[in-house]
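K.L.:
Fold the following and give me the result.
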Amino acid sequence: MDPFRVLLHSVSADLSSGELTELKFLCQGLVGKRKLERVQRGHELFEVLLEQKDLEAEHTGLLRDLLASLRRHDLLQRLDDFEVGAAAGAAQEEADLHAAFSIICDNVGKDWRRLARHLGVSDAKIDGIEERYPRNLAERVRESLRVWKSSEREKATVAGLVEALRACRMNLVADLVEEEQLARQLQNGSDAVSPVQWDSDAHTSEAP
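P.N.:
Sure thing, here's the model as predicted:
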């Protein structure tokens, strides 16, 4: 199950009936009266807020405000722990993407347009990239990946890159990306690497 939903279910399980009533009262301006009347459990209220996009894993301010209103410092601590873990996971994904970008830039070559199109980069943007970097093939590849990452945001993953590479019959490059990610996962499992070390590694991989 999604970690954020796990958190919401755990919070729901620890709410008293009185606290749920108070939460429903606090959400009157966000949730319609009929929907609130049907809510019998905390997770049902959270589900409504999720559907309305009032509550998201990346935007937990509403949940924090609700728990603060209940003065449930224990549940606020649980939310803090989730956010710390989410931030660490995002940093890891960012580092993995950075490593994958470097491998792709070094190995894709002149077929970069095919990969860019498969990743959803428009022909207009591809033409613009080619105009900006007429003599730097690797930078064309990197910029197309940046455009993809910017459009996909949190949906931009190494798995998505590997899938695109294989769809473009760039299996060797896909294998290299997967091998690098596996090596990084093994390293993370055995060593506690500080953010400063990760940053140093990232700069090193960009060096010509």
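
K.L.:
Which elements pack onto the helix or strand containing residue 83?
P.N.:
For residue 83, the host element (DSSP states H and E) is helix 73-107. Identification of packing neighbours for helix 73-107 by 3 or more CB pairs under 8 Å, 6 or more residues apart in numbering; DSSP states H and E yields helix 3-13, helix 61-70, helix 137-152, helix 158-167, helix 171-190, helix 195-206. C-beta here means a position set from N, CA and C on the backbone, and glycine is covered the same way.

K.L.:
Leaving out the residues flanking it, which one is nearest to the residue nearest the centre of the chain?
P.N.:
Residue closest to the mean C-alpha point of the chain, counted by CA atoms, centre = their mean, is residue 154 at 3.3 Å. Spatial nearest neighbour of residue 154, chain neighbours left out: residue 58 (6.8 Å); criterion: CB to CB, 6 or more residues apart in numbering.

K.L.:
you'd agree that neighbour is up against residue 83?
P.N.:
No: using CB atoms under 8 Å, residue 58 is not in contact with residue 83; the gap is 10.0 Å.

K.L.:
higher neighbour count, those two?
P.N.:
residue 83 (15 against 10; other CB atoms under 10 Å).

K.L.:
so who does the more buried one touch?
P.N.:
residue 60 (CB atoms under 8 Å, 6 or more residues apart in numbering).

K.L.:
Check what pLDDT it gets.
P.N.:
At residue 83, the pLDDT value in this model is 81.

K.L.:
what's the answer for residue 114, then?
P.N.:
93.

K.L.:
Residue 137 now?
P.N.:
For residue 137, the pLDDT comes out at 88.

K.L.:
quick one: the helix holding residue 83 to helix 137-152, angle?
P.N.:
If you take axes from the mean of the first three to the mean of the last three CA atoms, to 10 degrees, helix 73-107 sits at 150 degrees to helix 137-152.

K.L.:
Show me which positions of stretch 104-111 end up buried.
P.N.:
104-105, 107-108 (16 or more other CB atoms under 10 Å).

K.L.:
Pipe those residues into JSON lines and attach distance to residue 158 per row.
P.N.:
Formatted as JSON lines, the buried residues of stretch 104-111 follow (distance: CB to CB, whole Å):
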{"residue": "104", "distance to residue 158": "10"}
{"residue": "105", "distance to residue 158": "14"}
{"residue": "107", "distance to residue 158": "15"}
{"residue": "108", "distance to residue 158": "15"}
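
K.L.:
just for this structure, where's the confidence low?
P.N.:
Across the chain, residues meeting the criterion (pLDDT under 70) sit at 1, 86-91, 188-208.

K.L.:
Could you break it into its assigned domains?
P.N.:
3-71, 90-206 (automatic domain parsing).

K.L.:
State the distance from residue 185 to residue 93.
P.N.:
Remark: distance between residue 185 and residue 93 (CB to CB, to the nearest Å) = 12 Å.

K.L.:
Likewise for residue 71?
P.N.:
Taking CB to CB, one finds residue 71 at 35 Å from residue 93.

K.L.:
Those two - which one has more neighbours?
P.N.:
Counting neighbours by other CB under 10 Å for residue 71 and for residue 93 shows that residue 93 has the greater number, 14 against 9.

K.L.:
ok, the nearest residue to the more buried one once chain neighbours are set aside - how many residues close by?
P.N.:
In space, and not counting its chain neighbours, residue 93 is closest to residue 157: 6.7 Å by CB to CB, 6+ apart. Counted by other CB under 10 Å, the residues lying close to residue 157 total 15.
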